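Participant: Structure, please.
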Amino acid sequence: MNMSRPAPAVTVLGVNYPPEPTGISPYTGAMTRGLTRRGYRTHVVTTHPHYPEWRVSPGYGQWSRSEHLDGADVLRLRHYVPRKPSGIRRLLSELSFGARLLAAPLRQPDAVIAVSPALFSSALAALRLKLFHRQTPLIVWVQDLYWLGLRETGQAGGLSSRIIQLTEKWLLSKADRVVVIHDRFADRVSDDFDIPRERIHVVRNWTHLAPTPPIDRAAARAARGWGDEVVVLHAGNMGIKQGLDNVVDAARLAAERGENVRFVLMGGGGERDRLRALGDGIPTLQFIDPLPDAEFSAALTAADILLVNEYPGVSEMAVPSKLTSYFSSGRPVVAATDAKGITADEVRSAGAGVVVPAASPKALLDASLDLGRDHARADQLGANGKRYRETVLDETFAIDSFATLLETLIDGDRARPPRTLASAS
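Facilitator: Numbers count the residues shown, from 1 in each chain. Got it, this is the predicted structure:
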C-alpha cells in the first residue's frame, strides 16, 4: 500500500452481513475484517440480520442503526423482509434496500465494493455512483449469477427474466472490476455479458469457520442422537436451487428398503417448512435448526457424509459456499448435481468425494451407503478435501488478492487529489 497517502477508505454495500451465520454474510464479514487489518478504513452499509430465517433478528429492526464490528463502521438500514422470499416479494426486498442505498452516507470512499446478490440493490448503488461519484472505482463482487440461475432452474423467459438479464449485464458493464469466485464464473461473465477478461478478477471463497480443537466424533454423534447408522448431512440454506426434494425422496426410499441410514437437513431457508411437511413421518429423515459455529463444526465432523444437493440443471450459477466448510471438516462429500457443473468440478479437483446425478434418489442413497460403509475410502477423501482447503482455498491468500486489486484501482486513479482523514468522514 502506498504509505505517502492516508489509509484508503473502502465502502462495502451488501444485503447480508454478520451476525448472519450462513450464505454470503460470513464472506463479506471476513473480507471487511481482513481489509481493516491490512490498514483500510472500512465502512459497511447493509441490512439488519434476517437470513436464512427471513425474519429480522431480535433486537434489530430500527430504521437505521450504527455499529462498530471488528474495526469496521457498520450502518444497518431497515428494508422489506418477506416472510416467503419468492418472486415479486424478493424483488421488492432488494429494491427496498436499493432505495435506502440511494440516500445512505457513503463517506466519500476511495473505492466501493457492491456484493451481488443482491442484484437490484447493487444496480441502484452503481447508478448513484455513476451519476454522482464517477471517479470512485466500483468493484462488483459476484457470488451468484442471477440470469444463469434463472436459466438453470427453468425460470427464464418472459419480461421479468429479460429485465434481470439486462440489469445484470448493465451492472457488470459499469463495474471497474468484476470479482468472481471461480474461473468458470469468469468464463460465464465474459461470454454471457461481454465483459473483457482483463476486468474480471478471480478470488476464491474460503471456509468461514474458525479453527477448532480436535473433535471427539463419538461424543459429537451422541450429542446429536446419532448411533451406528450412516449419517448423510446437508448443511446450509434450503432454497429452490438446492432441490432438496431429492433428499426427502432418498430418505423415503431408504425407509422403504429398511436401510440403516439417516438423512439430515440442517439450517433454514424458504423451502424448509414445505420440506418438513413433505417429509413428515419418514423415520430416516431429520431436520436440525441452524447451529452456532462450534456446534456446526462438530455436526459436520460427526457426520459420515456431507451432502451437496442441487436442482436439476443447476450447473454454473454458483459455487456452493458450504463446500469450503465441508472440506475443512475432513469428512467426504457426496455431490448430487450436474456431472459437468462447477460443483462437480470442485469436488473432483479436491479429490474429496463422489458425484451422482441430480434428482436421482436411488443414486444418492446407493452412493451414500457405499461410501458410508467404506471407512478407509471415506477417510482418504476427507483428508484430500482438508488439504485442498488449506492450500487452494486459503483465506489469507484470498484477502491479499482482493487488497492488491483495491490498491491497484485506488493508486491508479491519479486524477483525484490526495485524501485526508477529515475529508473521508
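
Participant: any idea of the mean pLDDT in stretch 209-224?
Facilitator: The average pLDDT for stretch 209-224 rounds to 87.

Participant: Around Gln28, how many other residues sit close by?
Facilitator: Residue 28: Thr, not Gln. 25 (other Cβ atoms under 10 Å). (Each C-beta comes from the backbone N, C-alpha and C, glycine too.)

Participant: Now do it against Pro214, distance only.
Facilitator: 30 Å (Cβ to Cβ, to the nearest Å).

Participant: What of Arg276?
Facilitator: In terms of Cβ to Cβ, Arg276 sits 34 Å off from Pro214.

Participant: the more surrounded of those two?
Facilitator: Arg276 (14 against 6).

Participant: Surely that one touches Gln286?
Facilitator: No: using Cβ atoms under 8 Å, Arg276 is not in contact with Gln286, being 10.5 Å away.

Participant: now Val45, what's its secondary structure?
Facilitator: strand (DSSP: H, G, I helix; E, B strand; the rest coil).

Participant: can you pull up the bridge partners for it?
Facilitator: Residues in a beta bridge with Val45, per DSSP bridges, are Leu13, Leu75.

Participant: Surely it touches Arg107?
Facilitator: No: contact criterion Cβ under 8 Å: Val45 and Arg107 do not qualify, at 9.3 Å.

Participant: who touches both of these two?
Facilitator: Shared contacts of Val45 and Arg107 (Cβ atoms under 8 Å, 6 or more residues apart in numbering): Thr11.

Participant: neighbour count winner among the two?
Facilitator: Counted by other Cβ under 10 Å, Val45 and Arg107 do not tie: Val45 has more neighbours, with 27 against 16.

Participant: need the contact list for the more buried one.
Facilitator: Per Cβ under 8 Å, 6+ apart, neighbours of Val45: 11-13, 75, 77, 101, 104, 106.

Participant: Let's have those residues in TSV, adding pLDDT, distance to Pro196 and neighbour count.
Facilitator: Below are these laid out as TSV (pLDDT from 0 to 100; distance: Cβ to Cβ, whole Å; neighbours: other Cβ atoms under 10 Å):
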residue	pLDDT	distance to Pro196	neighbour count
Thr11	98	25	26
Val12	98	24	25
Leu13	98	24	30
Leu75	98	33	18
Leu77	98	33	20
Leu101	97	27	23
Ala104	96	30	18
Leu106	92	27	19
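
Participant: would you list those residues in CSV and tack on distance to Trp54?
Facilitator: As requested, those are exported to CSV (distance: Cβ to Cβ, whole Å):
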residue, distance to Trp54
Thr11, 26
Val12, 22
Leu13, 20
Leu75, 22
Leu77, 17
Leu101, 20
Ala104, 22
Leu106, 27
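
Participant: Among the residues you listed, find me the one that's closest to Ala175.
Facilitator: Using Cβ to Cβ, Leu13 comes nearest to Ala175 of the contacts of Val45, at 12.3 Å.

Participant: Apart from its neighbours in sequence, what residue is nearest Ile305?
Facilitator: Spatial nearest neighbour of Ile305, chain neighbours left out: Val232 (4.7 Å); criterion: Cβ to Cβ, 6 or more residues apart in numbering.

Participant: Tyr40 too?
Facilitator: The nearest residue in space to Tyr40 (Cβ to Cβ, 6+ apart) is Val10, at 5.0 Å.

Participant: What's the local residue count around the one you found?
Facilitator: 27.

Participant: any idea how far Ala103 is from it?
Facilitator: 20 Å.

Participant: returning to what we had before: of the contacts of Val45, just say which sits nearest to Ser325.
Facilitator: Closest to Ser325, out of all of those and judged by Cβ to Cβ, is Val12, at 22.2 Å.

Participant: quick one: the closest one from Lys84, how far?
Facilitator: 28 Å.

Participant: same deal with Asp338?
Facilitator: Using Cβ to Cβ, we find Asp338 at a distance of 27 Å from Lys84.

Participant: who has more neighbours, these two?
Facilitator: Using other Cβ under 10 Å as the criterion, Asp338 and Lys84 rank with Asp338 on top: 21 against 11.

Participant: pretty sure the more buried one contacts Ser315?
Facilitator: Yes: counting by Cβ under 8 Å, Asp338 does reach Ser315; the two are 4.3 Å apart.

Participant: Might you report the residue contacts of Val179?
Facilitator: Per Cβ under 8 Å, 6+ apart, neighbours of Val179: 139-142, 200-203, 402, 405.

Participant: Dump these to JSON lines, plus distance to Leu381, neighbour count and pLDDT.
Facilitator: Shown next, in JSON lines, are the contacts of Val179 (distance: Cβ to Cβ, whole Å; neighbours: other Cβ atoms under 10 Å; pLDDT from 0 to 100):
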{"residue": "Ile139", "distance to Leu381": "36", "neighbour count": "21", "pLDDT": "98"}
{"residue": "Val140", "distance to Leu381": "35", "neighbour count": "28", "pLDDT": "97"}
{"residue": "Trp141", "distance to Leu381": "31", "neighbour count": "25", "pLDDT": "97"}
{"residue": "Val142", "distance to Leu381": "29", "neighbour count": "27", "pLDDT": "94"}
{"residue": "Ile200", "distance to Leu381": "32", "neighbour count": "22", "pLDDT": "97"}
{"residue": "His201", "distance to Leu381": "31", "neighbour count": "18", "pLDDT": "97"}
{"residue": "Val202", "distance to Leu381": "25", "neighbour count": "15", "pLDDT": "94"}
{"residue": "Val203", "distance to Leu381": "26", "neighbour count": "19", "pLDDT": "94"}
{"residue": "Phe402", "distance to Leu381": "30", "neighbour count": "21", "pLDDT": "95"}
{"residue": "Leu405", "distance to Leu381": "34", "neighbour count": "19", "pLDDT": "96"}
